[in-house]
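> The following comprises the amino acid sequence and a computationally predicted model.
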Amino acid sequence: MMITFERLRKEYDGVAAVDDLSLEIPRGEVFGLLGPNGAGKTTTILMLVGLIQPTSGRCLVDGIDVALEPIAVKRRMGFMPDDVGFYENMTAEQNLAYFAAIYDLPRAVRAERIADVLERLDLGGLDKKVGGYSRGMVQRLGIAKILLNDPDVLVLDEPTANLDPLCVAEYREIVRSLRAEGRTVVVSSHILSEVAKVCTSVAILARGRLVASGSVTDLPFRLAQTAGGMAIRVETRSPIPELDHPSILAAEYDANRCRARFQVTDDVRDWLVDQLRNAGVTIRELAVEEPSLEEVFMRYYHAT
């Protein structure tokens, strides 16, 4: 695993902001930490990047304990906070030159690396001072900054806050390209639609605790099963015969029996396909009615 949280806990004045968090993030994932304000997302992020120490438990990045070897971890990581800041009286290139020196990049490669990341983020050749940048341009410069040291892990805290729709679309493309390179990206957000569109896996935090985790496509499916069943819709070219299975709670048919909706306790799609094929019925469509990621979030959050 690229990132591991082992029974992570952080207390402030005896109150747990993060409580017994255990989680694994594989290499190459775009992983979303999802939850409302106060859920513990930023506290978790700050422990991961080594800016605060856990009260107990530990964070590992590729097997390296963040608390014990923070410099080794930071050399492999890029972190962009929700309010990324730069020197407004300097150009993008001047700002990155400053940060490249902090990263201790060899002088021989600094200029080339800066030019590469600026070109990649469509900021190359700009002599404009950063103080005159739009919010979207500042956000792109923030991503350029965290790419300077060619990190394996990128951590983005509320990266789409206050961005207009065009900038959000650009951000999504950037994150997809980072994943295509094999990098691991952790995104903290309370915006459900963004997590669903850019992340491959997600963890839902509520009041400092992990309440659910899984792939963006798997979590809604699991919720359907745990919430008293799931629904399977079937459309065929000829009438559907009577079907009997212990997992089928109820069946609804249209007038000609070429459309049906089965309320089931388990995933019986394969069984349905076999039964219909054996009866000589051609299937036009077979699909699960899944709740959205927003429904998953609300269900899990209010259950805590």
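That came in fine, so what should we check first? Numbers count the residues shown, from 1 in each chain.
> confidence score at the one residue sitting closest to the centre of the chain?
Centroid check for the chain by Cα atoms, centre = their mean gives residue 32 as the closest residue, at 2.2 Å. pLDDT recorded at residue 32 is 94.
> Now do the SS call for it.
Classification of residue 32 by DSSP: H, G, I helix; E, B strand; the rest coil places it in strand.
> which ones are touching it?
Counting by Cβ atoms under 8 Å, 6 or more residues apart in numbering, residue 32 touches 186, 187, 188, 189, 195, 198, 199, 201, 202, 203, 216. C-beta coordinates here come from the backbone N, C-alpha and C atoms, glycine included.
> Phi, psi for the fifth one please.
As for residue 195, its main-chain torsions (degrees, to the nearest 10) stand at phi -60, psi -40.
> Excluding covalently adjacent residues, which one is nearest to it?
The shortest distance from residue 195 to any non-neighbouring residue, by Cβ to Cβ, 6 or more residues apart in numbering, is to residue 32 (4.0 Å).
> Could you identify the helix or strand that succeeds the helix ranked longest in the chain?
The single longest helix within the chain, with elements called by DSSP state H, is helix 165-180. As assigned by DSSP states H and E, the chain's next helix or strand after helix 165-180 is strand 184-189.
> So in that sheet, which strands flank that next one, and in what orientation?
According to DSSP bridges, strand 184-189 forms sheet pairs with strand 30-34 (parallel), strand 153-157 (parallel).
> relative to strand 184-189, how tilted is the next helix or strand after the first one?
This points to strand 30-34. Next along the chain after strand 30-34, taking DSSP H and E as the criterion, comes helix 41-48. Per axes from the mean of the first three to the mean of the last three Cα atoms, to 10 degrees, the angle that helix 41-48 makes with strand 184-189 is 150 degrees.
> The following helix or strand past helix 41-48 pairs with which strands?
Scanning forward in sequence from helix 41-48 by DSSP H and E, the next helix or strand is strand 56-61. Using DSSP bridges, strand 56-61 pairs in its sheet with strand 3-12 (antiparallel), strand 64-65 (antiparallel).
> what about the last one, distance to the chain center?
Yep, that's strand 64-65 we're talking about. Offset of strand 64-65 from its chain centre (Cα atoms, centre = their mean, to the nearest Å): 22 Å.
> all numbers from here: first residue = 421
Understood, numbering begins at 421; the last thing we discussed is strand 484-485.
> Pull the distance from the following helix or strand past that strand to the chain's centre.
Using DSSP H and E, the helix or strand that follows strand 484-485 in sequence is helix 490-494. Distance, stretch centre to chain centre, for helix 490-494: 23 Å (Cα atoms, centre = their mean).
> And helix 490-494, what's buried?
Of the residues in helix 490-494, 490, 493, 494 count as buried by neighbour count, 16 or more other Cβ atoms under 10 Å.
> Return the member of these nearest to residue 525.
Ranked by distance to residue 525 (Cβ to Cβ), those are led by residue 494 at 13.4 Å.
> Tell me how far the closest one lies from residue 528.
Residue 494 sits 22 Å away from residue 528, going by Cβ to Cβ, to the nearest Å.
> just checking, what packs against the host helix or strand of residue 532?
For residue 532, the host element (DSSP H and E) is helix 527-540. If you count contacts as 3 or more Cβ pairs under 8 Å, 6 or more residues apart in numbering; DSSP states H and E, helix 527-540 packs onto helix 512-522, helix 555-566.
> Enumerate every residue touching residue 486.
Contact partners of residue 486, counting by Cβ under 8 Å, 6+ apart, are 467, 468, 469, 470, 478, 479, 480, 493.
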